[in-house]
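Q: Got a predicted structure plus its sequence, pasted below:
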2 protein chains.
Amino acid sequence: MSVKNKSIYAILGILNILPSSGYDIKKYCDNVLSGFWNENFGHIYPTLKKMLADGTIEIMSKGKNEKKIQYKITSRGEQALDHWFLEETKLQPVRSEFMLKLFFSSHQPKEKVLQMIEKYKKVHQDKLEKYRVMEMDLEKGIEDISSERAKYIKATLRSGILSHEATIRWCNETIEEIC
Amino acid sequence: MSVKNKSIYAILGILNILPSSGYDIKKYCDNVLSGFWNENFGHIYPTLKKMLADGTIEIMSKGKNEKKIQYKITSRGEQALDHWFLEETKLQPVRSEFMLKLFFSSHQPKEKVLQMIEKYKKVHQDKLEKYRVMEMDLEKGIEDISSERAKYIKATLRSGILSHEATIRWCNETIEEIC
DNA sequence: GGTTTCATGTAACATGTTACATGATTCT
DNA sequence: AGAATCATGTAACATGTTACATGAAACC
């Protein structure tokens, strides 16, 4: 099994909650994990095939009217998932094109730079807004989820909120500095 | 020219400050840009060749005792750089393996999760410490750099500081919540 | 009847990382 | 003399993204 393809763990984690199709997995990534994880079809489908071959997932027998292919986690997959939790988590190298631009922008007209920062701020304000909505939705729907799971979901949401708030503060501070 | 390879702009930005060799560029990335950008040799050298072919950089005539190949930016490279500043900056999709683990960790023993967060906190504290040192170094060495450049360098440092501080606050909050 | 969403997949392309190879120079 | 750093580069591998192809079903 590949050493670095972390997508398999995202998929195992999702299937560990609920058997799903490739399409469902993509939706889950887009709707729920989007703050810290992303996948695309061109990656999901080949990965599912690999995982089938590895025996970490298997195809569920379809009902009569079922058209989609649903996968579920195997006990081998559960083991792989458990093992992953104990592994060290390395931070992936950061790459912020925005910061790269800013770093090199001393020859650019000040207004352009300020515009760029304002835009960046707007993007983060919008994301923050979405996180806040998600946090409220979680509070509302909390009965449907075990309190243990809710705790961890909330923690990832809080992470997004604190990080976007910090970014917005940085934008304000930096706009001041540059003016 | 490739649409997405942003490394060329990192390289152009560096050469726009000072003609450098591939090795110098790598060092600059490691020492100065590391908070928001990274490059490796396996990427830099082929990219330099491509850029030579594109005409955005050129080889400087070597002095007698010079062994390293120094590149400098051409006027075409300057244009490419200027053009890049006006382009829209898209945020790159996030991928945090740490958050992915946390999200799925409701079946894991609480102590393991807490340990994982403590470790994460430690990593960010260490990085924060480094940023603070870099900030002080910048204050000290500020005469060597134009005040315009210093402003932008400082802004990127502040971004690292605020973001690590936010992460540490999140760790403390989350440790409380989980206990 | 037309648009959107569901659903699966491949091929081409682009990007990024690691390991290896080589040899000079500088430091201890 | 040996270790560390300087310096350039390639090959293999791994990963990730986009565009394309196809067709059914649900919605308006």
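A: Yep, that arrived. Residues are numbered from 1 along each chain as shown, chains lettered A, B, ... in the order given.
Q: Which secondary structure state does A:Lys67 sit in?
A: Following DSSP: H, G, I helix; E, B strand; the rest coil, A:Lys67 is assigned to coil.
Q: repeat for the one 5 residues further on
A: Under three-state DSSP, the three-state class of A:Lys72 is strand.
Q: Is it in contact with A:Leu15, as I believe?
A: Yes. Counting by Cβ atoms under 8 Å, A:Lys72 does reach A:Leu15; the two are 5.9 Å apart. Using the backbone N, CA and C atoms, a C-beta is placed for each residue, glycine as well.
Q: Show me the common contact partners of these two, please.
A: Counting by Cβ atoms under 8 Å, 6 or more residues apart in numbering or on different chains, the shared contacts of A:Lys72 and A:Leu15 are A:Ile57.
Q: Same drill for those two, tell me which one is more crowded.
A: A:Leu15 (26 against 14; other Cβ atoms under 10 Å in any protein chain shown).
Q: Just the residues contacting stretch A:29-36, thanks.
A: Residues contacting stretch A:29-36 (Cβ under 8 Å, 6+ apart): A:10, A:14, A:37-39, A:131, A:156-157, A:159-160, B:94-96, B:99-100, B:103.
Q: now, which of the residues you listed lie within helices?
A: When the contacts of stretch A:29-36 are checked against helices (DSSP state H), the matches are A:10, A:14, A:131, A:156-157, A:159-160, B:99-100, B:103.
Q: Of the residues you listed, just say which sits nearest to DNA strand C.
A: Lowest distance from DNA strand C to the ones in helices among the contacts of stretch A:29-36 (Cβ to the nearest atom of the strand) belongs to A:Ile14, with 12.8 Å.
Q: Is the closest one in contact with A:Ile25, as I believe?
A: Yes. A:Ile14 lies in contact with A:Ile25 (Cβ under 8 Å); the separation is 5.6 Å.
Q: any residues in contact with both of those two?
A: Shared contacts of A:Ile14 and A:Ile25 (Cβ under 8 Å, 6+ apart): none.
Q: tell me, what residue is most central in chain A?
A: A:Trp37 (2.1 Å; Cα atoms, centre = their mean).
Q: interface residues of chain A facing DNA strand C?
A: In this structure, chain A approaches DNA strand C at residues A:21-24, A:27, A:41-42, A:45-46, A:48-49, A:67-69, A:93, A:95, judged by Cβ under 7 Å from any atom of the strand.
Q: Which two among those are spaced furthest apart?
A: A:Lys67 and A:Pro93 (41.0 Å; Cβ to Cβ).
Q: More neighbours: which of the two?
A: The residue with more neighbours, out of A:Lys67 and A:Pro93, is A:Pro93; 11 against 7, by other Cβ under 10 Å.
Q: all strands of chain A, in order?
A: Along chain A, the segments classed as strands by DSSP state E run A:57-59, A:71-73.
Q: Let me know which of the ones you listed is the nearest to DNA strand D.
A: Between DNA strand D and the strands of chain A, the shortest separation by Cβ to the nearest atom of the strand is 16.7 Å, and it involves strand A:57-59.
Q: Mind giving me the packing neighbours of that closest one?
A: Applying 3 or more Cβ pairs under 8 Å, 6 or more residues apart in numbering or on different chains; DSSP states H and E, one finds that strand A:57-59 contacts helix A:7-17, helix A:41-54, strand A:71-73.
Q: Let me see the mean pLDDT of the shortest one.
A: Looking at strand A:71-73 alone, the average pLDDT works out to 96.
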